[in-house]
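Colleague: Compute the structure for the input listed below.
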Amino acid sequence: MSDPLVLNAADNVAILTARGIAPAGHKIARRAIAQGAAVVKYGQTIGYATAPIAPGDHVHSHNCAFGAHGRDYRPGSRLAAAEAVLARHPREGLTFQGYHRPGGQVGTRNFIALVATVNCSATVIRRAAEELRIEGALAAFPDVDGVVAFAHGSGCGMADSGPGWQALQRVLTGHAGHSNVGAALFVGLGCEVMQIARMKQELGEAARFHGLTIQENGGTRTTIAAIKARVREMLPAVNAVTRAPAPAAALKIGLQCGGSDGFSGVTANPALGVACDMLAAQGASVVLSETPEIYGAESLLLDRAARPELAEQLLARLRWWEGYTAMNGASLDNNPSPGNKAGGLTTILEKSLGAVAKAGATPLNAVLDYGQPITVPGLSFMDTPGYDPVSATGQIAGGAQLIVFTTGRGSAFGSKPAPTIKLATNDALFAAMRDDMDLNCGDILSGVSIEAKGREIVDLILRTASGEATRSEDLGLGDNEFLPWQIGAVV
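Modeller: Next up is the predicted model:
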């Protein structure tokens, strides 16, 4: 059996790299741990022993539980070190082949988007997209990646102002005006809260914006026909836009992890973190999200906040989440999921410490509301739930042209109009789900350096941005992962 992996000299647990007394990815005690004593991994407390633990014992949810984590925050205390990380990576002039849009944005894909303003128009946009596909409407337009229907379950029965309305409005306008969208058509019923006129006012009189309603068009069947006619009119102009060189600085990358395991914080997440550092040095934007999944590791972000107000914004969001979960009879320590636990993750503290690693080590330059536009280079944090479809929808609404998704248990996730790149944390997963995984990071356990894997991820990101299809695109995933966060009362 391979020797257990020790991540930090201060750790009192090690990770099994092969099955022993527990599955690979799980923890065993390096030395005796008294009941009530801290369990330490990554040099950080991840929980507390609920019973005496002997050297060599399996350490997991049967003898380790969540407990208080340190809140002696020192915002900006490691900013200089974070800036040094940024300076260490050269500006190599990396480029990709992208679609240049008005206003200076650059897309990695070229879709036509049908955006429902309300659940009532979900069926007509889905039916129109499907009929266009069956009819072969795109056959003569090879530079159009598809017609995608963004349908959802909201848009009415909600307040016409406030956080819920603002979040949905940002998502809808963010997808319609996305750099991966060549033209967009808003479709409403006509009497809903989320009015097309307000959408149009938000986006302005951009040439890529169109809108219609079912009530004005005389019903379902005539509206489907009208949508199809509009799309056929759009196709020549959207197809005429071709790829041209663009700097890596034009990229905005959403970072996700799901189905995590005990290797996530050892292989794929830190390798993605190195890739993010390299891209940040190019002037690209990388966006960490999933607020409930940084809980317990927030100091790793606060310590490198570029400005004091960013630290306060992040702490305010964490306080909001503590109240939000309590109001709904839950708590932020109810993570990890059953699959995470089966993969070796015991507490939210352990999961969060590994999850934050995918953001790299450069300064935190912005804290964003859900779906808020991504405007600054380097690392931003966007407030989202931990549920992957909702989180990625917010990142894409903010402008992310690609999602990079690490997984240790396996994932069948995809996204549109921004494709998802999936990174496997271990060799077994990569072999078992080869059709779903884009890159294996499990070979870090057998000697590939995290730095080398980071460079490999950057290369894959640039190739994907230039048009290379991801596994999720090959499988046709992404139509059902558009899921805006519904905040507030349904009335």
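
Colleague: can you give me the helices in the stretch 301-450 of the chain?
Modeller: 308-327, 338-342, 348-356, 388-397, 427-432, 450-465 (DSSP state H, counting those that start in this stretch).

Colleague: got any ranges where the protein has weak pLDDT?
Modeller: Residue ranges of the chain with pLDDT under 70: 1, 202-209, 334-335.

Colleague: Please parse it into its domains.
Modeller: 13-65, 79-90+246-474, 111-239 (automatic domain parsing).

Colleague: okay if I get those domains as JSON lines plus distance to residue 489 and mean neighbour count?
Modeller: (C-beta placed from N, C-alpha, C; glycine too.) Listed next are the domains of the chain as JSON lines, based on distance: least, C-beta to C-beta, whole Å; neighbours: other C-beta atoms under 10 Å:
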{"stretch": "domain 13-65", "distance to residue 489": "34", "mean neighbour count": "18"}
{"stretch": "domain 79-90+246-474", "distance to residue 489": "12", "mean neighbour count": "22"}
{"stretch": "domain 111-239", "distance to residue 489": "7", "mean neighbour count": "19"}
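
Colleague: can you put these in a markdown table and add distance to residue 3?
Modeller: Compiled in a markdown table, these are given as follows (distance: least, C-beta to C-beta, whole Å):
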| stretch | distance to residue 3 |
| --- | --- |
| domain 13-65 | 8 |
| domain 79-90+246-474 | 11 |
| domain 111-239 | 46 |
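
Colleague: now the helices of the stretch 301-450 of the chain as JSON lines including distance to residue 212?
Modeller: Formatted as JSON lines, the helices of the stretch 301-450 of the chain follow (distance: least, C-beta to C-beta, whole Å):
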{"stretch": "helix 308-327", "distance to residue 212": "36"}
{"stretch": "helix 338-342", "distance to residue 212": "43"}
{"stretch": "helix 348-356", "distance to residue 212": "42"}
{"stretch": "helix 388-397", "distance to residue 212": "22"}
{"stretch": "helix 427-432", "distance to residue 212": "45"}
{"stretch": "helix 450-465", "distance to residue 212": "33"}
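
Colleague: between the ones you listed, which one is nearest to residue 480?
Modeller: helix 388-397 (8.1 Å; C-beta to C-beta).

Colleague: Residues contacting the closest one, please?
Modeller: 167, 170-171, 173-175, 178, 254, 256, 258, 287, 289-290, 370-371, 382, 384-385, 403, 405, 411, 413, 415, 417-418, 420, 481-485 (C-beta atoms under 8 Å, 6 or more residues apart in numbering).

Colleague: And stretch 82-100, by the same measure?
Modeller: By C-beta under 8 Å, 6+ apart, stretch 82-100 touches 106-110, 179-180, 182, 241-248, 250-251, 277-278, 280-283, 304, 360-364, 378, 401, 458, 462-463, 465-467.

Colleague: distance between it and the chain's centre?
Modeller: How far stretch 82-100 lies from its chain's middle: 20 Å, per C-alpha atoms, centre = their mean, to the nearest Å.

Colleague: Kindly check the end-to-end length of it for me.
Modeller: Terminal residues of stretch 82-100 are spaced 32 Å apart (C-alpha to C-alpha, to the nearest Å).

Colleague: Stretch 150-170 now?
Modeller: Span of stretch 150-170 from end to end, C-alpha to C-alpha: 14 Å.

Colleague: what's the answer for stretch 97-114, then?
Modeller: 25 Å.

Colleague: ok, then the element right after the helix or strand residue 14 falls within?
Modeller: In this structure, residue 14 is located in strand 13-15 according to DSSP states H and E. Per DSSP H and E, the first helix or strand lying C-terminal to strand 13-15 is strand 27-29.

Colleague: Which other helices and strands does that next one contact?
Modeller: Applying 3 or more C-beta pairs under 8 Å, 6 or more residues apart in numbering; DSSP states H and E, we find strand 27-29 packed against strand 13-15, strand 58-59.

Colleague: May I see those organised as JSON lines, with distance to residue 133 added?
Modeller: Below are these laid out as JSON lines (distance: least, C-beta to C-beta, whole Å):
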{"stretch": "strand 13-15", "distance to residue 133": "46"}
{"stretch": "strand 58-59", "distance to residue 133": "51"}
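
Colleague: for the ones you listed, which one sits closest to residue 72?
Modeller: Set against residue 72 and scored by C-beta to C-beta, these come closest in strand 13-15, at 23.3 Å.

Colleague: Centre of the chain to the longest strand along the chain, how far?
Modeller: Criterion DSSP state E: the longest strand present in the chain is strand 181-188. Put simply, strand 181-188 sits 23 Å off its chain's centre (C-alpha atoms, centre = their mean).

Colleague: Stretch 444-457 too?
Modeller: On C-alpha atoms, centre = their mean, the centre of stretch 444-457 falls 22 Å from that of its chain.

Colleague: try stretch 179-198
Modeller: The answer for stretch 179-198 is 24 Å, by C-alpha atoms, centre = their mean.

Colleague: same question, stretch 73-84
Modeller: 24 Å.

Colleague: what about that stretch, how long is it end to end?
Modeller: Note: stretch 73-84 ends 21 Å apart using C-alpha to C-alpha.

Colleague: Repeat that for stretch 464-476.
Modeller: 16 Å.

Colleague: got it, and stretch 352-372?
Modeller: 23 Å.

Colleague: what do you get for stretch 171-191?
Modeller: End residues of stretch 171-191 are separated by 20 Å (C-alpha to C-alpha).
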